[in-house]
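Undergrad: I need the structure of the sequence given here:
(chains A and B)
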Amino acid sequence: MALQELCNFQDIFQDSITTLCSSVPFGRKTGCDYVSGLPFSNRTNLFNFFTPVAEYLDESPIQFGQISTIQSSSAISSQDSILSSLAVPTSLPLASSQSVPLPFPMSHGTTTLAFMFQGGVLAAADTRSSCSGLVACPASQKILPIHSHLVGTTSGTSADCALWKRILARELRLYQLRHGRRLSTSGAAKLLSHMLHPFKGTELCVAATLCGWDGGEVDGGAKTDLSGRRETTKSQMTDLEKTSLAETKTQSSASITGGQQCSARKRVSLSGPSLCYVCSDGTRLQGALFSVGSGSPYAYSILDQGVRWGLTVDEATSIAREAVYRATHRDAYSGNCVDVYHISSKGWIRRSREDLKEEYYREKERQERRERQDVTPPE
Amino acid sequence: MFDGVERKIEFLHGTTTLAFKFQHGVIVAVDSRATAGSYIASQTVKKVIEINPYLLGTMAGGAADCSFWERLLARQCRIYELRNKERISVAAASKLLANMVYQYKGMGLSMGTMVCGWDKRGPGLYYVDSEGNRVCGDLFAVGSGSMYAYGVMDSGLQHDLSVEEACELGRRAIYQATFRDAYSGGQVNLYHVHSEGWTRVSQEDVLMLHQQYKDQA
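TA: I've put the predicted structure just below:
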């Protein structure tokens, strides 16, 4: 749901509440209510809540934090210049072609990864925030929980990621309150992608992988065979070694089963682990394994070797830790500690943060021990 | 990087070459794909140049630059051998190469090579490039797929690997790089440099390796 829609409606309708509103599903596209055919104006109580974000969405995002070149260049007095700067936003295009002076140099160095396996989704990331050469924060959080069953890894500009994750969390909560069920991971990804779309072409940089476990609030009994079927098709789909021909076959069979389920139940939600990658340039991909950031190539090769559907939680955790460790070893912009989150049907669990320096010393020790054993002659 | 110099020849920046030292010598593994933009010009390029029976050089960057200068290096090494009645060391050979290309620094040469051999001091591995870098090390990977190879090699490399294990590590590292990097592919050419010289261990198609690793998993 686009926040712009809310912003547009805010100043139009100020009518009183009607009792029908609470039972009516929120329809965005049509102007009329499905059930009773009432016009929009009777459902305004849904819009009468505070949207602090609205103001900044009205004005161009380029105006944000920018050292105003208009004020400095003009010879107008200070009062007039403030007025002129307020008038300016409406005339400037959203995507400015001239380069914006940033307050400080920014870098997108990080290593984050996420993959699906039988036990859910595993997400791991390093904890270094860098500012082109300076380690701004050695203990930052790059995996942000969005709700109990959804976690997002962040890459790109930390501030942008943190803000948009919070906005996404709010929107998902609103969806849950309105519809009585959690939005699926791919739905959340689509939502995030649409929210970021107006900022395409600007300096905004968000590359997030949303990792979650989809599952309805309905009783687990009805859902289990659904999830079983979904997971078997998923396991066929996520087996990376399948030839392209086989993949298209399983995808079409998955869509057929999805269609059958849709016809059987009105409110169906396929449950199981789910992983989506969303980028501020518009990319939205669903997959089984993603790694984002400057350290991602190093992590990819480790993950490609080890990740299979049938891993246990411990094996998966150790592969994820190893991949982040190797990436932090080679990439200058990744380092310090590693965070590992595991998302299962019960929600997300966070492992305690581990300092990779310790891992490095442990490995060195192991190497030295092996070399010493090598040197002593066998008896 | 090199402004004002027109590039008409094919460049092999899109490649993955690696070499590492271990207790039984040096393993050299390379892919065999050559790309011109997004067109795959060849899948059977020889990226390991046999300088002499105990020295190997890898090729990354401009194919012509690499093969020409390494042939010149072979000539210089032979002259050294005849004059001094002993084999040239890896350090000296890499120094000769580095000094040769340094004279042309800034003129548009593109070469990133690893000189690998076995001399009196044991296994030798040097990275030499057209910028003038000459670095001694235990482990190098050069090319667009190098980052993928580093991940695999770092996690698997120990000093006391057997020859078989080391060859498998090199092969796996190149395979993983070809899996993720679009500009690397073709075959994996594997060489082993030991005290008696170098031997060509294997040449395997990446697709065969894909099947093999899939069956193993």
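
Undergrad: Show me how far stretch B:121-133 is from its chain's centre.
TA: Its chain's C-alpha centre lies 11 Å from the corresponding centre of stretch B:121-133 when counted by C-alpha atoms, centre = their mean, to the nearest Å.

Undergrad: One more: stretch B:209-216?
TA: Distance, centroid of stretch B:209-216 to centroid of chain: 25 Å (C-alpha atoms, centre = their mean).

Undergrad: Show me which parts of it are buried, residue by residue.
TA: Across stretch B:209-216, burial judged by 16 or more other C-beta atoms under 10 Å in any protein chain shown covers B:209, B:213. Where you see a C-beta, it was placed from the backbone N, CA and C, and this is true even at glycine.

Undergrad: contacting residues for the residue nearest the centre of chain B?
TA: In chain B, the residue lying closest to the centroid (C-alpha atoms, centre = their mean) is B:Thr58, at 2.9 Å. When contacts are counted by C-beta atoms under 8 Å, 6 or more residues apart in numbering or on different chains, B:Thr58 is found next to B:17, B:19, B:28, B:30, B:47-49, B:113-114, B:116, B:142.

Undergrad: Which one of the residues you listed is nearest to chain A?
TA: When the contacts of B:Thr58 are compared for distance to chain A (C-beta to the nearest C-beta), B:Val142 wins out at 13.9 Å.

Undergrad: helices or strands next to the helix or strand of chain B with the lowest mean pLDDT in the packing?
TA: Every helix and strand of chain B was ranked by mean pLDDT, DSSP states H and E. The lowest is strand B:34-36, at a mean of 82. Packing partners of strand B:34-36 (3 or more C-beta pairs under 8 Å, 6 or more residues apart in numbering or on different chains; DSSP states H and E): strand B:39-42.

Undergrad: do the helix or strand hosting B:Ala19 and chain A meet?
TA: According to DSSP states H and E, B:Ala19 maps onto strand B:17-22. No: Strand B:17-22 stays clear of chain A (C-beta under 8 Å from any C-beta of the partner chain), getting no nearer than 11.3 Å.

Undergrad: That strand pairs with which strands, and in what direction?
TA: strand B:25-30 (antiparallel), strand B:139-142 (antiparallel) (DSSP bridges).

Undergrad: Show me which residues of chain B sit near chain A.
TA: Going by C-beta under 8 Å from any C-beta, the residues of chain B near chain A are B:23, B:147-152, B:154-155, B:158-160, B:172-173, B:176-177, B:179-180, B:210, B:214, B:217.

Undergrad: tell me the pLDDT at A:Leu270?
TA: A:Leu270 is assigned a pLDDT of 69 by the prediction.

Undergrad: looking at the strands paired with strand B:17-22, which is buried most?
TA: For the strands paired with strand B:17-22, the largest average neighbour count (mean count of other C-beta atoms under 10 Å in any protein chain shown) is found in strand B:25-30, namely a mean of 28.

Undergrad: what distance separates that strand from the middle of the whole chain?
TA: The answer for strand B:25-30 is 8 Å, by C-alpha atoms, centre = their mean.

Undergrad: And for that strand, what's in contact with it?
TA: B:15-20, B:47-48, B:56, B:58-59, B:114, B:116-118, B:123-125, B:163, B:166-167, B:169-171, B:173-174, B:188-195, B:198.

Undergrad: With adjacent residues omitted, what lies nearest to B:Ser195?
TA: What sits nearest to B:Ser195 in space, not counting adjacent residues and going by C-beta to C-beta, 6 or more residues apart in numbering or on different chains, is B:Trp118, at 5.4 Å.

Undergrad: A strand includes A:His329, no?
TA: No: going by DSSP: H, G, I helix; E, B strand; the rest coil, the assignment for A:His329 is helix, not a strand.

Undergrad: buried stuff in stretch A:143-152?
TA: A:143-147, A:149-152.

Undergrad: which one of these is nearest A:Ala159?
TA: A:Leu144 (12.4 Å; C-beta to C-beta).

Undergrad: what's the spacing between the closest one and B:Glu168?
TA: From A:Leu144 over to B:Glu168 the distance is 40 Å, taken as C-beta to C-beta, to the nearest Å.

Undergrad: go on, A:Cys276?
TA: For A:Cys276, the distance to B:Glu168 - C-beta to C-beta - is 35 Å.

Undergrad: Pick out whichever of the two has more residues nearby.
TA: A:Cys276 (25 against 15; other C-beta atoms under 10 Å in any protein chain shown).

Undergrad: Tell me the spacing between the residue in the stretch 151-300 of chain A positioned nearest to chain B and A:Gly156.
TA: Nearest residue of the stretch 151-300 of chain A to chain B: A:Pro297, at 3.5 Å (C-beta to the nearest C-beta). Separation of A:Pro297 from A:Gly156 (C-beta to C-beta): 17 Å.

Undergrad: cool, A:Gly306 as well?
TA: The separation that A:Gly306 has from A:Gly156, given C-beta to C-beta, amounts to 27 Å.

Undergrad: related to what we said a few turns ago, how about the contacts of B:Thr58, which pair is most distant?
TA: Between all members of the contacts of B:Thr58, the farthest pair (by C-beta to C-beta) comes out as B:Ile49 and B:Val142, at 13.6 Å.

Undergrad: in chain B, which spans are strands?
TA: Counting by DSSP state E, chain B has strands at residues B:17-22, B:25-30, B:34-36, B:39-42, B:48-52, B:55-58, B:112-119, B:122-129, B:134-136, B:139-142, B:187-194, B:197-205.

Undergrad: quick one, what contacts A:Tyr347?
TA: No, residue A:347 isn't Tyr; it's Gly. By C-beta under 8 Å, 6+ apart, the contact list for A:Gly347 reads A:148-149, A:213.

Undergrad: Pick out whichever of the residues you listed sits closest to B:Tyr102.
TA: The closest of the contacts of A:Gly347, once distances to B:Tyr102 are taken by C-beta to C-beta, is A:Trp213, at 58.3 Å.

Undergrad: on that earlier part again, point out the one among the strands of chain B that comes closest to B:Ser67.
TA: Across these, closest to B:Ser67 is strand B:48-52 (C-beta to C-beta), at 6.2 Å.

Undergrad: Direction included, what does that closest one pair against?
TA: When DSSP bridges is applied, strand B:48-52 pairs with strand B:55-58 (antiparallel).

Undergrad: Report pLDDT for residue 127.
TA: By default, I'm working from chain A. In this model, A:Thr127 carries a pLDDT of 90.

Undergrad: that answer is for a different chain, and I need it for chain B
TA: In this model, B:Tyr127 carries a pLDDT of 95.

Undergrad: One more: A:Lys266?
TA: 49.

Undergrad: Look up how far chain A lies from B:Leu207.
TA: Distance of B:Leu207 to chain A, given as C-beta to the nearest C-beta, to the nearest Å: 11 Å.

Undergrad: Could you tell me which residues make contact with the nearest residue to B:Gly143 once chain neighbours are set aside?
TA: Counting by C-beta to C-beta, 6+ apart, B:Gly143 lies nearest to B:Thr15, which is 3.8 Å off, once chain neighbours are set aside. Taking C-beta under 8 Å, 6+ apart, we find B:Thr15 in contact with B:30-31, B:33-34, B:47, B:59-60, B:142-145, B:183-184.

Undergrad: With respect to chain A, which of these is nearest?
TA: Comparing these against chain A with C-beta to the nearest C-beta places B:Gly145 closest, at 8.3 Å.
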